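Student: Let me see the structure of the following:
(chains A and B)
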There are 2 protein chains.
Amino acid sequence: MCQLMGMSANVPTDARFSFTGLVERAGRTDIHRDGWGITFYQGKGVQEFRGLSAGSDCDVAQFIKTQRIKSDIVVGHIRQANVGALTLENTHPFRRELWGRYFTFAHNGQLEGVFSDLPLGRYKPVGTTDSEHIFCWLLHQLESAFPQGVSTMSELYPLVYKCLSLLHDRGVCNVLFTESSALMAYCSNHLHWITRRAPFGPALLKDIEVSVNFAEETTPNDVVTVIATQPLTTNEEWTRLRAGEMVVFEKGELTYQIGGEDV
Amino acid sequence: MCQLMGMSANVPTDARFSFTGLVERAGRTDIHRDGWGITFYQGKGVQEFRGLSAGSDCDVAQFIKTQRIKSDIVVGHIRQANVGALTLENTHPFRRELWGRYFTFAHNGQLEGVFSDLPLGRYKPVGTTDSEHIFCWLLHQLESAFPQGVSTMSELYPLVYKCLSLLHDRGVCNVLFTESSALMAYCSNHLHWITRRAPFGPALLKDIEVSVNFAEETTPNDVVTVIATQPLTTNEEWTRLRAGEMVVFEKGELTYQIGGEDV
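Tutor: Numbering: from 1, shown residues only, chains lettered A, B, ... in the order given. Next up is the predicted model:
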């Protein structure tokens, strides 16, 4: 299993605080030592970092914690390998271009043996994970349904929900998925989110003694949502997603919600 | 115009030395201040770094200079923008997947106004550079010619040469292009290469007072080729590519050479 972290904000926002909490779980407070990756969107462009060592003692991950990389959407992942060797091409997030946008996908769960019948189109996995396979399949579904693209991303949400629900019925499928404007999150079993807005207060990480006073880091108009496999802070109330639920955040705001049964 | 840097080696090799020389030209000894990027291949997987500030004062670029990232193939680029805004999606190298491999492309030159008739297939530019457009067009040409892929990459070389020659006839087109095993380099006007092998000796960078004794960093079997817009060292003999010439390096060795007229 793996852990996921995502962010959606209405202004370019520094995700260091959440990333710092996440990478503690990559070897120190938890066992996800098999590589990590994080993708930062700035507009339609992306900056990505990944590594094969445990995030908690990887130089690149430690470096990112010192950087104020401001972005609109973030997708991060720490890996505990089940399927697929320990190679760079098997680290999440995965990225492909469709309709002139970079789509990014990170997955937590396991679908071993049940994904080989999901047909691939033009997108072919580079690595050997079930996760990259379902990402390629998902993009093929989207492209087949909308060969000319969509006028707003919200046209995609019902189909994304349908596809991920199909996977949820056959295994564990917690997913973060984005194309630069909307952060989609599908929950099979573990996924939590929190939206921070004015009045901002202090937050305390769960996995390492680090706190931040968001009041000092933000303006009153900022809206920032963070999603993570498990809550990253101890003094805030996170909302737990239900099994089979999908939510979408745009500019930090919840704009779509569907499905879900009590866990 | 921009500057390119590439490496091909028969063992995973640390490209810090060449990258250090390159980024000096990104603002200090030369004027390529409009972003930079570098892609490191480890097998089929990639690790990439990019930034919008000048490489010579970018924190991420400075950090990479301290890292011993060992890789088989490297493609680096520093940008002086002509076409396309200063955004992340306009920074090189560009990357797309084809046949289950990550193809990476970096371009130096300008084709403004002459590329819009080059048809795009399924690959769509995310940004607005002529460079990304010709990369998408090139992949479309390769895929159209070999819809099922190729059994060895060398099947692609004549077609890559033909496509890039067509661009060379219509503008300036210095290109580095790879899919993880072969580093292809096409020269319109400025591109130089050097192959280092035993007995290794010292090398002195041209743009900053840094030297390395490769004898201490290598084993006798290592073969490492570096390609750059302008020679990166002062005490070694670099081979200048001719106008319209394409070369391919695999595991550090020159394996294909075609075209070219005296400059």
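Student: Can you give me the buried ones in the longest strand seen in chain A?
Tutor: Criterion DSSP state E: the longest strand present in chain A is strand A:3-14. Going by neighbour count (16 or more other C-beta atoms under 10 Å in any protein chain shown), the buried part of strand A:3-14 is A:3-10, A:13-14. Backbone N, C-alpha and C define where each C-beta goes, glycine included.
Student: what packs against that strand?
Tutor: Applying 3 or more C-beta pairs under 8 Å, 6 or more residues apart in numbering or on different chains; DSSP states H and E, we find strand A:3-14 packed against helix A:16-24, strand A:70-78, strand A:101-108, strand A:174-178, strand A:182-187, strand A:224-228.
Student: Would you format the ones you listed as a markdown table with mean neighbour count, distance to A:Phe249 and mean pLDDT included?
Tutor: Output for these, formatted as a markdown table (neighbours: other C-beta atoms under 10 Å in any protein chain shown; distance: least, C-beta to C-beta, whole Å; pLDDT from 0 to 100):
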| stretch | mean neighbour count | distance to A:Phe249 | mean pLDDT |
| --- | --- | --- | --- |
| helix A:16-24 | 23 | 14 | 86 |
| strand A:70-78 | 26 | 9 | 95 |
| strand A:101-108 | 24 | 14 | 97 |
| strand A:174-178 | 27 | 9 | 98 |
| strand A:182-187 | 26 | 5 | 98 |
| strand A:224-228 | 26 | 5 | 96 |
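Student: Nearest to chain B, out of those?
Tutor: Closest to chain B of these is strand A:101-108 (C-beta to the nearest C-beta; 5.8 Å).
Student: For that closest one, list the C-alpha coordinates in PDB.
Tutor: What follows is strand A:101-108, C-alpha atoms only, in PDB (Å, rounded to 0.1, in the frame of the first residue of the first chain):
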ATOM      1  CA  ARG A 101      -3.100  19.000 -21.000                       C
ATOM      2  CA  TYR A 102      -0.900  17.100 -18.600                       C
ATOM      3  CA  PHE A 103      -2.900  14.500 -16.700                       C
ATOM      4  CA  THR A 104      -1.400  13.300 -13.400                       C
ATOM      5  CA  PHE A 105      -2.400  10.200 -11.500                       C
ATOM      6  CA  ALA A 106      -1.400   8.600  -8.200                       C
ATOM      7  CA  HIS A 107      -2.900   5.400  -6.800                       C
ATOM      8  CA  ASN A 108      -3.000   3.700  -3.500                       C
END
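Student: if we can go back for a sec, for B:Thr218, find the nearest of the helices and strands packed on strand A:3-14.
Tutor: Checking these against B:Thr218 by C-beta to C-beta gives helix A:16-24 as the closest, at 33.2 Å.
Student: Pairing partners for the following helix or strand past that closest one, with directions?
Tutor: For helix A:16-24, the following helix or strand on the C-terminal side (DSSP states H and E) is strand A:36-42. Here strand A:36-42 has these sheet partners by DSSP bridges: strand A:45-51 (antiparallel), strand A:70-78 (antiparallel).
Student: Name the surrounding residues that touch the shortest one.
Tutor: Spelled out, that is strand A:45-51. Here strand A:45-51 makes contact (C-beta atoms under 8 Å, 6 or more residues apart in numbering or on different chains) with A:35-40, A:58, A:60-61, A:64, A:69, A:71, A:88, A:91, A:93, A:95, A:102, A:104, A:180, B:47-51, B:87-91, B:126-127.
Student: and the angle for it with strand A:174-178?
Tutor: Counting by axes from the mean of the first three to the mean of the last three C-alpha atoms, to 10 degrees, strand A:45-51 lies at 140 degrees to strand A:174-178.
Student: Contact partners for the residue in the stretch 51-200 of chain A that chain B sits nearest to?
Tutor: Using C-beta to the nearest C-beta, the closest approach of the stretch 51-200 of chain A to chain B is made by A:Leu88 at 2.6 Å. Contact partners of A:Leu88, counting by C-beta under 8 Å, 6+ apart, are A:35, A:50, A:52, B:42-47.
Student: Just give me the neighbour total for A:Ser151.
Tutor: Residues lying near A:Ser151 (other C-beta atoms under 10 Å in any protein chain shown) number 8.
Student: ugh, typo on my part, it should be A:Leu98
Tutor: 19.
Student: Excluding residues flanking it in the chain, which one is nearest it?
Tutor: A:Leu139 (5.5 Å; C-beta to C-beta, 6 or more residues apart in numbering or on different chains).
Student: and that neighbour, what element?
Tutor: Going by DSSP H and E, A:Leu139 is in helix A:130-145.
Student: Which is the succeeding secondary structure element to that helix?
Tutor: Following helix A:130-145 in sequence, per DSSP H and E, is helix A:157-168.
Student: Okay, angle between that next one and strand A:101-108 too, please.
Tutor: Using the same axes, to 10 degrees: helix A:157-168 against strand A:101-108 is 30 degrees.
Student: Contact residues of chain A facing chain B?
Tutor: Within chain A, the positions near chain B by C-beta under 8 Å from any C-beta of the partner chain are A:42-51, A:59-60, A:63, A:67, A:87-91, A:96-102, A:122-127.
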